[in-house]
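>>> Got a sequence here, can you model it:
(chains A and B)
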Amino acid sequence: MSDLILELDGVDFRYPDGSMGLDGCSLAIRRGSRNVLIGANGAGKTTLFQHCNGLLRPTDGVVRYAGAPVDYGRAGLRALRSKVGMVFQNPDRQLFSASVREDVSFGPINLGLDEAAVTARVDAALAAVGMDDLARKPVHNLSFGQKKRVCIAGVLAMEPELLVLDEPMAGLDQAMQEELLAVLERLHGRGMTILLATHDIHFAYRWADRIHLMAAGRCTASLDAPALADHEAELAAIGLRLPAVIGLQRLLRQQGLLAEGAPLHSCTALLARLQEIQR
Amino acid sequence: MLIEQSAYANRWRTVAPDAKGLFALGGLVAAFAAAGRLEAALAVTAAVVAATVLGARVPLGLYLRVAFPALLFLAVSALSLALSVDRAPGDGLGVHVTGAGLDQVSRVTGRSLAGLAALLFLVLTTPLTDLIVLARRLRTPEVLLDIMVLCYRTLFVFSGALHDMRTAQAARLGYANSRLTFRALGDLTANLTLQIWQRAHALHQAALARNSDGPLRFLPTPHPHARRHTLLGGLAGALLAALGGLLAHGGAV
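Predicted coordinates for the structure are as follows:
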C-alpha cells in the first residue's frame, strides 16, 4: 500500500470564465496524517479540495489516489468518492433532506448498501459526531454547529479513508470548535487521514502533523508542524506570522524561565507548563 | 410554519405514516359518501377534527388558524353558489336564493369540510419527510419525489436568506418610502434568483461528492409499531368511511 494516500502533481485548473483556480499545484498527503491547508481567501483551497474528490478535473497535471492516477470514468469516480469524503464549508449547501437521519443515509445508500448496513452506518456516524439524540429532528431546527456535525456524519457514514473539510471551524463558537476538534481527534485515532482548510495558523500549529501553505493557486510549501519555527520565511511569503506561542517560548528560554525541551504547541499548554514550574 | 410546527410536535408524530394515510383516506371516502346530507358530512368532519385535536393533541387554536384561509375560500364559494343573479318576470334584475342553489351549497360545503378535515389531519400530524416516504411507497415518480425533497429543504434555506437580505436592506433604509420599497424588492428578487441558481449548483456538487447518480434516496424513518398502527389506522379509516355512508343513507344523526 502506498504511503501517500493523495498526491497532486503539477495540477493546473482554469475555470470556464478563464480565471485560474490552480496553477502548477503539487501536494502530497501521507496516509494516517493530520493535514492543514492554509492560505488567504482566493488562494485556491476549495478548488484544490474539489480535485481531491473528483468534482473538478485538472486541465493539466495528475491527481493520484493511493499511488494510481484518478480514473475520471463513472466507476473510477464512484470508487474515489467512496474513499474521499468531502465536507463543504456551508452546511446549508450540503444538506438535502429535512431530516437528520435521512440526510446521513444519503451517501451509504448511494454506495449500494442494503438497508441493515445503511442503518448501522448511520447510527455509528451520528454517534461519532454526538448527534444520535437529535437524529429525528428536522435539519432546519438545528444550530449552525449541529448542521456542520450532520454534514460530517453524512460523510463519515460512507466510511472514507481520507476526510477533507473545507474550513470546518468557520462560523463556530469556541465551544463548538472544541467539540468538533474532539470529533476529529477520535476519527484520526481510528486511522482516518484528515485534510482541512483553515486561516488559523495557531490552530494549525496546535493540531496538525503537516501544514501545507497555499497562495495564488499553488502549494508554496509543505512543512512538518513541529518544525514550523524554522520556516518563518515561508510563512511570511504568504503573509502569515509564526504563532505567538513560538515567540513566547523563545523569549522565555532566552530569559532562562523555561527549560529546553520539546516545543509546546499552544498558549494553553505553555501556561500550564509555567504554572507547573511556579509550583 | 404552523403546519410544520404541529407535524413535529403532535402526540401521533411517531405513528407510522401509512396508518395516518389510511385514516385520512377513510375520511376522504366518508366525505364523498356523506356529501348528500349535510348533517352526515358534518358528523364525519367532527369525528376527524376530534381525532386531530383530541387524539393527536393538535392545539385547537393552531388548527383553526391553519383552516381559516380554506374556510374563508369555502364561505365565498358557498355564497356565490347560493346566490344567483336573475331577471324575474316584470321585476328586472335581482339576486335570488334558489332551492337548487342551497342544495348545491349543502352538498359542496359538506364534502369540502369533511375533505378538508381529513387532509388537515394528515398534514398536521405527519412531517413532510414521512409523507414523502409514504408517497415513495405508493410509487410516486422519482422525479416528483426529488422535487418535493429539494423544495421542502430549500424552502427553509431561502426563507432564511430572504429574511437576512430583507433585514440588511431595512437596516440601510431600503424600505423607507414606497419608491425605495419597490427598488429594494427588485434588488431582493434579483439577488435571491442568483442565490437560488448558485445554491442549486452547490447542492448538485454536494450530491456528486456523496456518490449520487440520479434519484435522491434516503433511509426511511423507522416506526417500531408500524404494523399495529397501520392495522388500527386502516380499521379507523374503514369505520369512518362506513359511518359516512350509513349516515348519508337514512341513518339519523
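>>> Write out the residues of the stretch 151-279 of chain A neighbouring chain B.
A:154-155, A:158 (Cβ under 8 Å from any Cβ of the partner chain). Heads up, the C-betas are built off the backbone N, CA and C, glycines and all.
>>> Which strands and helices lie in contact with the longest helix seen in chain B?
The longest helix of chain B (DSSP state H) is helix B:178-209. On a contact count with 3 or more Cβ pairs under 8 Å, 6 or more residues apart in numbering or on different chains; DSSP states H and E, helix B:178-209 meets helix B:142-171.
>>> could you give the angle of the helix it packs on to helix B:178-209?
Orientation of helix B:142-171 against helix B:178-209 (axes from the mean of the first three to the mean of the last three Cα atoms, to 10 degrees) gives an angle of 140 degrees.
>>> Please compute how far helix B:142-171 lies from its chain's middle.
19 Å (Cα atoms, centre = their mean, to the nearest Å).
>>> is chain A contacted by stretch B:216-236?
Yes - interface with chain A: stretch B:216-236 contributes B:216-222 (Cβ under 8 Å from any Cβ).
>>> Next, the distance between the ends of stretch A:222-233.
13 Å (Cα to Cα, to the nearest Å).
>>> should've said stretch B:135-144
First-to-last distance for stretch B:135-144 - Cα to Cα - comes to 10 Å.
>>> Pull out the buried residues from it.
B:135-136 (16 or more other Cβ atoms under 10 Å in any protein chain shown).
>>> List of residues touching it?
B:18, B:145, B:148, B:214-215, B:220 (Cβ atoms under 8 Å, 6 or more residues apart in numbering or on different chains).
>>> Nearest to residue B:232 among those?
residue B:18 (10.8 Å; Cβ to Cβ).
>>> Quick check, pLDDT for that closest one.
For residue B:18, the model assigns a pLDDT of 90.
>>> Select only the buried ones of the contacts of stretch B:135-144 in PyMOL?
Typed into PyMOL, the next command selects the buried ones out of the contacts of stretch B:135-144 (criterion: 16+ other Cβ under 10 Å):
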select buried, chain B and resi 18+145+148+220
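>>> circling back: of the residues of stretch B:216-236 next to chain A, buried ones?
B:216-221.
>>> ok, which stretches of chain A are helices?
Counting by DSSP H, the helices of chain A are A:45-52, A:74-83, A:100-110, A:115-128, A:144-156, A:174-189, A:201-207, A:232-237, A:244-254, A:267-278.
>>> Also chain B?
Counting by DSSP H, the helices of chain B are B:2-9, B:17-33, B:38-50, B:60-82, B:99-125, B:128-137, B:142-171, B:178-209, B:226-248.
>>> separation between the residue in the stretch 1-150 of chain B positioned nearest to chain A and residue B:149?
Closest contact between the stretch 1-150 of chain B and chain A, by Cβ to the nearest Cβ, is at residue B:129 (4.3 Å). Remark: distance between residue B:129 and residue B:149 (Cβ to Cβ, to the nearest Å) = 8 Å.
>>> Neighbour count for the two, which is higher?
Taking other Cβ atoms under 10 Å in any protein chain shown, residue B:129 and residue B:149 do not tie; residue B:129 has more neighbours (28 against 24).
>>> Just list whatever residues bridge to the closest residue in space to that one that isn't next to it in sequence.
Closest residue to residue B:129 apart from its sequence neighbours, by Cβ to Cβ, 6 or more residues apart in numbering or on different chains: residue A:99 at 4.3 Å. Under DSSP bridges, the beta-bridge partners of residue A:99 are residue A:138.
>>> what about residue A:266, how many neighbours?
For residue A:266, using other Cβ under 10 Å, the count is 15.
>>> That one against residue A:202, yeah?
Yes - assessed by Cβ atoms under 8 Å, residue A:266 is found in contact with residue A:202 at 7.3 Å.
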